[in-house]
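S.K.: this one's structure only:
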């Protein structure tokens, strides 16, 4: 029983360090491991024992972000569910991931080759979904998929970080409506 309590405590500490590290490193990439430990409410030796360097912690943060995004893509059922339903599921799931793991994807792709491959595969899955949405008439076929993807990514990023008070279901409603219908009056 004591061993189980110790394991649960270690898991909580790791989660706290990863989430705190993600937030602080997104704000300031030079944040020290000691500062992250203090903000996470754990002893700095706990962090140093698990992560020898800031880069090792950042790599673990990247992997946690990718793992979370992978679950969202799986649960959205992008290729099976109706397009609007899959899009809403995706947005509702990815908005909290973006909030919880605010480290930039560009930074992740540049600094962590292991994360890069997994992120590229996730990107291909999302691009295939957007092509499906075009093929089924939900999106215009005369607009490049790169532009469509950039718009979706920006909508998600904007609602996730500029409107943190908006709960994920409502935020997803906003993203889907703006993405599929725009913001102009007609």
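M.R.: That came through, no problem. Since the structure is predicted, the reported quantities are computational estimates derived from the model, not experimental observations.
S.K.: surely residue 174 meets residue 166?
M.R.: Yes. Because the distance of 7.1 Å satisfies Cβ atoms under 8 Å, residue 174 is recorded as touching residue 166. In this view, the C-beta of every residue, glycine as well, is placed from N, C-alpha and C.
S.K.: which of these two has more neighbours?
M.R.: residue 174 (18 against 15; other Cβ atoms under 10 Å).
S.K.: got the contact list for that one?
M.R.: 155, 159, 166 (Cβ atoms under 8 Å, 6 or more residues apart in numbering).
S.K.: please repeat the previous calculation with a cut-off of 7 Å.
M.R.: Residues near residue 174 by Cβ atoms under 7 Å, 6 or more residues apart in numbering: residue 159.
S.K.: for it, give its distance to residue 10.
M.R.: The spacing between residue 174 and residue 10, counted by Cβ to Cβ, to the nearest Å, is 39 Å.
S.K.: equivalent analysis for residue 179, please.
M.R.: Distance from residue 179 to residue 10, by Cβ to Cβ: 41 Å.
S.K.: and for residue 44?
M.R.: 16 Å.
S.K.: so for these two, which residue has more residues nearby?
M.R.: Taking other Cβ under 10 Å, residue 44 and residue 10 do not tie; residue 44 has more neighbours (15 against 12).
S.K.: excluding its backbone neighbours, what's nearest that one?
M.R.: Spatially, and ignoring its direct neighbours in sequence, residue 44 is nearest to residue 37 (4.1 Å; Cβ to Cβ, 6 or more residues apart in numbering).
S.K.: off-centre distance for whichever helix or strand the one you found is part of?
M.R.: Using DSSP states H and E, residue 37 sits within helix 33-40. Taking the mean of its C-alpha atoms, helix 33-40 sits 22 Å from the chain's own mean (Cα atoms, centre = their mean, to the nearest Å).
S.K.: who touches it?
M.R.: For helix 33-40, contacts defined as Cβ under 7 Å, 6+ apart pick out 16-17, 20-21, 24, 43-44, 46-48, 51, 54, 57.
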